[in-house]
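**Student:** Sequence first, then the predicted structure, then my questions.
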Amino acid sequence: CEATMGEMIFARQLLKGDRRERARLRRHPSETLFGAQIATNQISEGVAACELAAEAGADWVDLNCGCPIYEATRRGLGSALLRKPAKLARLVGGLVDGSPVPVSVKLRLSSAGAKDVNFLEHVAELAALGDSRPALVTLHGRTATQRYSRPAAWDEIEAAATAAAGAFPVLGNGDVLTHFEADARRAAAPTAAGLMVGRGALINPWIFDDIRKGEAWLPTAAERLEVYYSLVAGYRDAFGDDERGKQTASYFYPFHFNFFHRWRPLTEEHFAELAVAAPLVQSGRGVDARLAEIEGPPEGLPPLERLLRCASSEAHAQLADTLWTSRGVSAALAACEALATPANLDAWASESSETAADEDEGHVSKPRKERAGSKERAKQG
């Protein structure tokens, strides 16, 4: 069974009518099984959010207890919910009993570091809920403080799936960027009911087709640009082709292009061995070094390819603006090729190679003092 899940929604802001949070409830006609993902720590608030999700067409709702970023944890949400297994179980039981659609739960190994790993306690508490237990549980194989800095522990995912003992299916999550890594993760946790792919799908949106077919699609720069253009055109349709619509859509652009630029043509032939040593999603330097042996130096790539791989936030902003103002794929291609001048590419390459970003979430980091009043939200971990 294949399913898709929306971005994490702050339930409280959703209930206040926040336009961006409500946008995350939208379901595309192609999504045959769609779940809405919420962040809450209150039963009544969560149930109300589940009702809105059901009205919007969601087949189920996922409670995010895995997001480690400050904007979630400072509110007592995301991975902060993992501190007390019994309290979280009461929240889950209340949501399950009150929701008009099934409820699932996303966990990490612990709310902090390796010393307080308690995922098996969570599995036991949730299984003991009986008829109020969740429909399924997804386990991200890292602690909250590890974020994405260590390989996911798929042996722990296998332990969780075994401990659930049929009370609910357990899905594994972490370090799936290619179809051959998906096969390796399945082999590492054979008791798990399936995989959840997060970052891998943001970097490589066609990964699901790759997994289904057992081979990688390696699109040209022009073919990737067509995919990115379709996303921007969808934003125009959703938010309106005017300045207000553009402003709303610009909230999402940095998130997506911070992932899109990381795509690389990762073939099993050339990268399977490297993936055994470390997950490819964490091996940027190793991947680029191997690619340089195959493709030659980055400076020798075609201009459009260099543009799409550029890590500069300014390049991302210019690219997004160009796609927004273009009408049609051909016009977008011509405009982006015009944008990819040697002067622009060299200037963007000379910038700091990466923005100071929470790589796990795609959001630009700010000092905590500045972030304290921020309303920005997080995507699923």
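**Tutor:** Received, thanks. Numbering: from 1, shown residues only.

**Student:** mind pulling up the phi and psi values for the residue positioned nearest the centre of the chain?
**Tutor:** Closest residue to the average C-alpha location of the chain: Gly198 at 3.7 Å, with CA atoms, centre = their mean. Taking degrees, to the nearest 10, you get phi -110, psi -90 for the backbone angles of Gly198.

**Student:** just Val170 next, same as before
**Tutor:** As for Val170, its main-chain torsions (degrees, to the nearest 10) stand at phi -120, psi 130.

**Student:** Identify the bridge partners of it.
**Tutor:** Taking DSSP bridges as the rule, Val170 bridges to Val137.

**Student:** Check the gap between it and Leu120 for me.
**Tutor:** Applying CB to CB, to the nearest Å, the value for Val170 to Leu120 is 11 Å. No exception for glycine: its C-beta is placed from N, CA and C like everyone else's.

**Student:** The longest helix anywhere in the chain: how far from the chain's middle?
**Tutor:** What stands out as the longest helix in the chain, according to DSSP state H, is helix 221-239. The chain centre lies 18 Å from the centre of helix 221-239; the measure is CA atoms, centre = their mean, to the nearest Å.

**Student:** counting contacts, what elements does the helix or strand encompassing Gln13 pack onto?
**Tutor:** Using DSSP states H and E, Gln13 sits in helix 11-15. Helices and strands touching helix 11-15, as assessed by 3 or more CB pairs under 8 Å, 6 or more residues apart in numbering; DSSP states H and E, comprise helix 19-23, strand 34-39, helix 43-55.

**Student:** Could you report the neighbour count for Leu52?
**Tutor:** Neighbour count of Leu52, defined by other CB atoms under 10 Å: 19.

**Student:** Would you confirm that it contacts Lys16?
**Tutor:** No: look at Leu52 against Lys16 with CB atoms under 8 Å: they stay out of range, at 11.5 Å.

**Student:** Against Val92, how distant is the residue of the chain positioned farthest from its centre?
**Tutor:** Here the centre of the chain is the reference, and by CA atoms, centre = their mean the most remote residue is Ala343, at 33.0 Å. Distance, Ala343 to Val92, using CB to CB: 55 Å.

**Student:** Arg309 now?
**Tutor:** 42 Å.

**Student:** Those two: who's more crowded?
**Tutor:** The neighbour count for Arg309 versus Val92, taken as other CB under 10 Å, is higher for Val92 (26 against 20).

**Student:** List the buried residues for the helix or strand encompassing that one?
**Tutor:** Using DSSP H and E, Val92 maps to helix 85-98. Residues of helix 85-98 classed as buried: 85, 88-89, 91-96, 98 (neighbour count, 16 or more other CB atoms under 10 Å).

**Student:** okay, now Arg83: neighbour count?
**Tutor:** Look at Arg83: counted by other CB under 10 Å, it has 15 neighbours.

**Student:** That one and Arg108 touch, don't they?
**Tutor:** No: judged on CB under 8 Å, Arg83 makes no contact with Arg108 at a distance of 11.6 Å.

**Student:** so the helix holding Val92 versus helix 43-55, what angle?
**Tutor:** Angle between the axes of helix 85-98 and helix 43-55 is 40 degrees (criterion: axes from the mean of the first three to the mean of the last three CA atoms, to 10 degrees).

**Student:** just curious, which of the buried residues of helix 85-98 is nearest to Ala338?
**Tutor:** Among the buried residues of helix 85-98, Leu95 lies closest to Ala338 (CB to CB), at 51.2 Å.
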